[in-house]
Each structure stands twice: as C-alpha cells, then as structure tokens.
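Student: Fold the following and give me the result.
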Amino acid sequence: MVLWSYRTTPRTSTKETPFSLKYGTKVMLPMEVAVSTLRVTNKDVEINAQDLRINLDVLEEKREKSGMRQAAYKHATKRYYNQRVKEKAFRVGEYVLRKNEASRAQPQGKLGPTWEGPYRVAEANRNGAYVLETMEGNQIPRMWNARNLKKYFF
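Tutor: Numbering: from 1, shown residues only. Below is the predicted model of the structure:
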C-alpha cells in the first residue's frame, strides 16, 4: 500500500504522478473498484478504450513537459540554496580551528571539545581545500575542507 501511495502522489518537481508518467492516465484506486463510484458505474468500454489511446498519444508530450518543469524546479532550488550559502575562504598564514568531529583527534562525547587547534593555513587550494600546519610548523597529514574550519582570533 505504501508503494501504491508513492506512485499515485504528484511530485512537487514534475506536478505529475509517477503512474501517470508511465501509463499516461490517472490511476484508479482499489477502493473505487470495491465501492461503486460514479467513475466506475458511468464508464463506457469503447469510450474508455478510445480515451486510453488518446492518452498514450499525448504521453510523450506530457513527459517532456514534466521534464521541463523538473529542470525549472531544480534551477529554482539551486538558486535558492546559492543565495543563502556563505562561502568561507582562508588565506595562507591565517589561523583556524578544526572541527573535532571531522578529525576525531580527541575523544568525542557530550561534553567533549567541539573545536581543536589553532592551526595555521599552510596552503590554500581551490574548491575550499586547505593544508594545515601546527603552531610548531609540522604539517597535518591530509587536506581539510573549509566547512570543517573556522577562523581563529588571538
């Protein structure tokens, strides 16, 4: 029943149900067949077959429209996200703290430290990847993403 519900619920991105995109027609719920509804009692077999053929003819156009709607929805979602994201950028020589959750250098727990450091940015690569070094000048083994770092002020 859960799968049926999923396939018969219109998606936000396409404004169509997966069932209608596959078969070109609205789904008839099992409850409509068990309990006589107007849709079941007033059906004419010939008209129904003719309507199904028409729906199949229009199916490709319906899929193209839903594909365009989905692309527009993805574009709007991307634009919404990019307006609100804050880019972090550090320069070589700046001091940063590293998230303990990412490095797991110290034991974690409810009362464990959230940040560790300070570290100095030794090398700044593109896409927010940084090479860090300790205050003594020893390089940390791997690169760190900007989302796991925050600026440290003395």
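Student: From now on I want contacts and neighbour counts done on CA atoms only, so please keep to that.
Tutor: Fine.
Student: domains in the protein, as residue ranges please.
Tutor: What automatic domain parsing lists as the domains of the chain is 2-84, 95-151.
Student: now, of those, which is deepest in the fold?
Tutor: Highest mean neighbour count among these (mean count of other C-alpha atoms under 10 Å): domain 95-151, with a mean of 16.
Student: Centre of the chain to it, how far?
Tutor: Distance, stretch centre to chain centre, for domain 95-151: 27 Å (C-alpha atoms, centre = their mean, to the nearest Å).
Student: now stretch 11-22
Tutor: Counting by C-alpha atoms, centre = their mean, stretch 11-22 comes out at 18 Å from the chain centroid.
Student: Report the mean per-residue pLDDT for the lengthiest helix in the chain.
Tutor: As assigned by DSSP state H, the longest helix anywhere in the chain is helix 45-84. Mean pLDDT, helix 45-84: 90.
Student: which other helices and strands contact it?
Tutor: helix 18-23 (3 or more C-alpha pairs under 8 Å, 6 or more residues apart in numbering; DSSP states H and E).
Student: Give the next helix or strand downstream of the helix it packs on.
Tutor: Once the chain leaves helix 18-23, the next helix or strand it forms, by DSSP states H and E, is helix 30-34.
Student: So for that next one, mean pLDDT?
Tutor: 77.
Student: Need the CA coordinates for that helix. PDB is fine.
Tutor: Extracted C-alpha coordinates of helix 30-34, given in PDB (Å, rounded to 0.1, in the frame of the first residue of the first chain):
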ATOM      1  CA  PRO A  30      -8.600  -0.100  -5.400                       C
ATOM      2  CA  MET A  31     -11.300   1.400  -3.200                       C
ATOM      3  CA  GLU A  32     -13.000   2.800  -6.300                       C
ATOM      4  CA  VAL A  33     -13.300  -0.700  -7.700                       C
ATOM      5  CA  ALA A  34     -14.600  -2.200  -4.400                       C
END
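Student: Just the C-alpha atoms of whatever helix or strand comes next after it, please, in PDB.
Tutor: Downstream of helix 30-34, the next assigned helix or strand under DSSP H and E is helix 38-41. Extracted C-alpha coordinates of helix 38-41, given in PDB (Å, rounded to 0.1, in the frame of the first residue of the first chain):
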ATOM      1  CA  LEU A  38     -19.500   7.500 -10.400                       C
ATOM      2  CA  ARG A  39     -16.300   6.900 -12.200                       C
ATOM      3  CA  VAL A  40     -16.800   3.100 -12.200                       C
ATOM      4  CA  THR A  41     -20.500   3.000 -12.800                       C
END
